[in-house]
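[1] What follows is a predicted structure for the sequence shown.
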Amino acid sequence: MTEFRMPSLGSDMEAGTLVEWLKKPGDALTRGDIIAVVDTEKGAIEIEVFENGVLDRILVTPGNKVPVGTPLAMIRGSSEPASAAPATVAAKEPPMAPPPAADRGAAMRAAIGAAMARSKREIPHVYLSTTVDMTSALTWLATENERRPVEKRLLPVVLLIKAVARAIVDVPQINGFWTDDGFRPGPGVHVGCAIALRDGGLVAPAIHDADAKSLEAVMEALSDLVERARRGSLRSSELADPTITVTNLGDLGVEATFAVIFPPQVAIVGFGRVVRRPWVVGERIEPRSVLTVTVSADHRALDGRRAGQFLSAVDRWLQVPERL
Amino acid sequence: MTSSERQRQIVEALARVAPEVAAGSLDPGAPLRDQVDLDSMDFLRFVLELHRAFAVEIPEADYSKLSTLGEIGKYLDLKLGTPLANG
């Protein structure tokens, strides 16, 4: 018998409100099943289970707000007998109404503020920046998009996310978590993408295994995450799993962004706007499309040299878009 | 289809991407991105909505011709033919 607990969906979450149980006692559970919906500052989140078994009994009923780590339900092995505890009727209760958007906005602001203050207090950030010539990447992309129907077109940010994922494979020390025991490498390349919500606030859900995904698959995943983030229907694994975060403020006309790390991650990559600039190519000066890429890294986990190698790798990958 | 119906359909396509858009409050002559919080993903989805609503192909090279509601109207007029006068 194991406890199924209120998951932590990022360092800016302290508690969640149980909205609805989607399984009832006696139901078989398969790893990855959505078992409940929990309301947080980030919207309603679908909570997945991470083991196979049977839902034995429910401990927290809809409408209750409980801290991260609180047992929500008991899960027993498929061959274990049901517990003697009386079956709860919680599963039959109607789902609660979500809080007003204004309340959620204020709560999210406070949660982000607390997490970022903690990050700045505890993490010795090192900031690095480089300017990348995007001419070949954008030329390649324009040719690609010319032959694609509108629903299959790729955004430049997809090349950036994939270049980050590729660079992580080259420099894995940038990808993972800082824990009490030191650096723990990420179990995969799960790139969190900062997404602004329409009524303020932001979330950074993961594109899982971005290094192994094609550009089309990264585009589809990003499009799906943006749509669901704004609708308020992300899954717990998407919020809990990022091993690094990418933030792209180029659409706003910002040239460079020096971002604050989301603990316990050890790095965040910032992309600015692509600008036309005079650029030295060989012995000539040419107009080129360039982009400022930054990385903020946790100096406890890695040094500036390693973070610099990572930025160089991002640049290298962006020069060979056809290989992304 | 009249010109005002076409404008209404354009705003409806926009509202599917940016639900907070209040139809009457948009200035057709001012850049959309100054009036509505649209990032590149939103803009791509808006182009997709226009493509679906009007059954027109909109190549990426034409995006720069679509910065205001007025420009979008003119662009569609060129692609689909000028609609009847209002009324």
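    Received, thanks. Residues are numbered from 1 along each chain as shown, chains lettered A, B, ... in the order given.

[2] Around residue 21, how many other residues sit close by?
    Assuming you mean chain A. 25 (other Cβ atoms under 10 Å in any protein chain shown). Every residue, glycine included, has its C-beta placed from N, CA and C.

[3] You answered for a different chain; I wanted chain B.
    Other residues within reach of residue B:21, judged by other Cβ under 10 Å, total 19.

[4] got a list of what it touches?
    By Cβ atoms under 8 Å, 6 or more residues apart in numbering or on different chains, residue B:21 lies in contact with B:11, B:14, B:15, B:36.

[5] could you redo the last one with a cut-off of 6 Å?
    B:14, B:15, B:36 (Cβ atoms under 6 Å, 6 or more residues apart in numbering or on different chains).

[6] Next: residue A:265.
    Residue A:265 is in contact with residue A:244, counting by Cβ under 6 Å, 6+ apart.

[7] One more pass at 7 Å, please.
    By Cβ atoms under 7 Å, 6 or more residues apart in numbering or on different chains, residue A:265 lies in contact with A:177, A:242, A:243, A:244, A:245.

[8] From chain B, how far off is it?
    Look at residue A:265 and chain B: by Cβ to the nearest Cβ, to the nearest Å, they are 23 Å apart.

[9] Would you mind giving me the confidence score for that residue?
    You'll see residue A:265 listed with a pLDDT of 97.

[10] and what of residue B:1?
    67.

[11] before we move on, which element is the most centrally placed residue in chain B in?
    Nearest to the centroid of the C-alpha atoms of chain B, with distances taken as Cα atoms, centre = their mean, sits residue B:10, at 4.1 Å. Using DSSP states H and E, residue B:10 falls within helix B:3-17.

[12] and the residue of chain A most remote from its centre, what pLDDT?
    Here chain A reaches farthest from its C-alpha mean at residue A:283, the gap being 42.1 Å by Cα atoms, centre = their mean. The per-residue pLDDT reported for residue A:283 equals 96.

[13] Residue 46: neighbouring residues, count only.
    Because you didn't say which chain, this covers chain A. A total of 20 residues lie near residue A:46 under the criterion other Cβ under 10 Å.

[14] um, chain B though
    Residue B:46: 22 neighbours (other Cβ under 10 Å).

[15] residues contacting the closest residue to it other than its chain neighbours?
    Excluding the flanking residues, the one nearest residue B:46 by Cβ to Cβ, 6 or more residues apart in numbering or on different chains is residue B:17, at 4.8 Å. Applying Cβ under 7 Å, 6+ apart, we find residue B:17 in contact with B:42, B:45, B:46, B:49.

[16] Test for you: state the pLDDT assigned to residue B:17.
    For residue B:17, the predicted pLDDT is 90.

[17] Please apply the same query to residue A:101.
    With respect to pLDDT, residue A:101 scores 68.

[18] send the alpha carbons of stretch A:168-184 over as PDB?
    Extracted in PDB, the C-alpha atoms of stretch A:168-184 (Å, rounded to 0.1, in the frame of the first residue of the first chain):
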ATOM      1  CA  ILE A 168      22.300  19.800 -23.600                       C
ATOM      2  CA  VAL A 169      23.300  16.400 -25.000                       C
ATOM      3  CA  ASP A 170      26.800  18.000 -25.700                       C
ATOM      4  CA  VAL A 171      27.000  19.700 -22.300                       C
ATOM      5  CA  PRO A 172      24.800  17.600 -19.900                       C
ATOM      6  CA  GLN A 173      26.000  19.500 -16.800                       C
ATOM      7  CA  ILE A 174      23.500  22.300 -17.500                       C
ATOM      8  CA  ASN A 175      20.500  19.900 -17.400                       C
ATOM      9  CA  GLY A 176      19.200  18.800 -14.000                       C
ATOM     10  CA  PHE A 177      18.600  19.800 -10.400                       C
ATOM     11  CA  TRP A 178      20.400  21.200  -7.400                       C
ATOM     12  CA  THR A 179      19.600  19.200  -4.300                       C
ATOM     13  CA  ASP A 180      20.900  18.800  -0.800                       C
ATOM     14  CA  ASP A 181      23.200  16.200  -2.100                       C
ATOM     15  CA  GLY A 182      24.600  18.400  -4.900                       C
ATOM     16  CA  PHE A 183      23.900  18.300  -8.600                       C
ATOM     17  CA  ARG A 184      21.500  15.600  -9.800                       C
END
